[in-house]
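1. Dropping a prediction and its sequence here:
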Amino acid sequence: AQSVTQLDSQVPVFEEAPVELRCNYSSSVSVYLFWYVQYPNQGLQLLLKYLSGSTLVKGINGFEAEFNKSQTSFHLRKPSVHISDTAEYFCAVSSFTGGGNKLTFGTGTQLKVEL
Amino acid sequence: EAQVTQNPRYLITVTGKKLTVTCSQNMNHEYMSWYRQDPGLGLRQIYYSMNVEVTDKGDVPEGYKVSRKEKRNFPLILESPSPNQTSLYFCASRKAGSNTGELFFGEGSRLTVL
């Protein structure tokens, strides 16, 4: 079975400050990792993904994440946040099972950017 | 424009009154899935479908039904809604050949059961 832990339910940060949203996963097989973002009153959209290769992946809106296999982590970072980054962020993991690749989500981290 | 469309976006209903939330995708995706989102619990999978006429339970299927008669549509049926089904529901899809699990989401349907 696979699972995802997002340690912080809320992260307040001032505009232009750096931010890191933490994600740890558990799986007995190789995984693919994702970060999705949900803006208020909208659906989820893909921010970035790790499939293979370089452990540092870059996504939209200046976000990046680093896959660390030894620590089973996939933390999301941005060096300087903007008010428009206020949203909920979900980390997700998938691995092949008998029923195909199931995507399992964490409980989400609410990022609130303040002036 | 490639999209997943859900209707209704907002619905208030009463206990026991059957309702259906529709989901349609225009990307010719084989795989479709329903999730519910609740505060502190993230997204949990209700049902999924690998292709037409093939459906299976997710993690929280109790109280829900689905059907997949056409490739583009995957309605979620609540035969007798109860207050604990008040939630934000998302439909999602992807190609069956996608081996990564990446999903494309609809904009969500907020359901309140009184």
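-> All right, it came through fine.
2. Quick check: which ranges of the chain have low pLDDT?
-> No chain specified, so I'll use chain A. For chain A, the stretches with pLDDT under 70 are A:96-101.
3. could you do chain B instead?
-> B:97-99.
4. Nearest residue to the residue nearest in space to the middle of it in space, please, no chain neighbours.
-> Most central residue of chain B, judged by C-alpha distance to the mean C-alpha position with Cα atoms, centre = their mean, is B:Trp34 at 2.9 Å. Nearest non-adjacent residue to B:Trp34, counting by Cβ to Cβ, 6 or more residues apart in numbering or on different chains: B:Ile46, 4.3 Å away. Where C-beta positions appear, they are placed from N, C-alpha and C, glycine not excepted.
5. give me the beta-bridge partners of A:Ser73?
-> A:Asn24, A:Asn68 (DSSP bridges).
6. one step back: pretty sure the residue nearest to B:Trp34 belongs to a strand, no?
-> Yes - per DSSP: H, G, I helix; E, B strand; the rest coil, B:Ile46 lies within a strand segment.
7. Tell me which helix or strand the residue in chain A that chain B sits nearest to sits in.
-> Nearest residue of chain A to chain B (Cβ to the nearest Cβ) works out as A:Ser94 at 2.9 Å. Using DSSP states H and E, A:Ser94 falls within strand A:87-97.
8. could you say what helices and strands that strand packs with?
-> strand A:3-5, strand A:32-38, strand A:73-78, strand A:100-105, strand A:109-114 (3 or more Cβ pairs under 8 Å, 6 or more residues apart in numbering or on different chains; DSSP states H and E).
9. Return the most buried member of the ones you listed.
-> strand A:32-38 (a mean of 24; mean count of other Cβ atoms under 10 Å in any protein chain shown).
10. What is the next helix-or-strand element following it packed up against?
-> Using DSSP H and E, the helix or strand that follows strand A:32-38 in sequence is strand A:44-50. Under the contact definition 3+ Cβ pairs under 8 Å, 6+ apart, strand A:44-50 sits against strand A:32-38, strand A:56-58, strand A:64-68, strand A:73-78.
11. quick one, which of the ones you listed is nearest to A:Ala87?
-> A:Ala87 sits nearest to strand A:32-38 of all those, at 5.1 Å, using Cβ to Cβ.
12. touching chain B at all, that closest one?
-> Yes - contact of strand A:32-38 with chain B (Cβ under 8 Å from any Cβ of the partner chain) involves A:Tyr32, A:Phe34, A:Tyr36.
13. hey, what's the second one bridged with?
-> In this case it means A:Phe34. Counting by DSSP bridges, the residues bridging with A:Phe34 are A:Lys49, A:Ala92.
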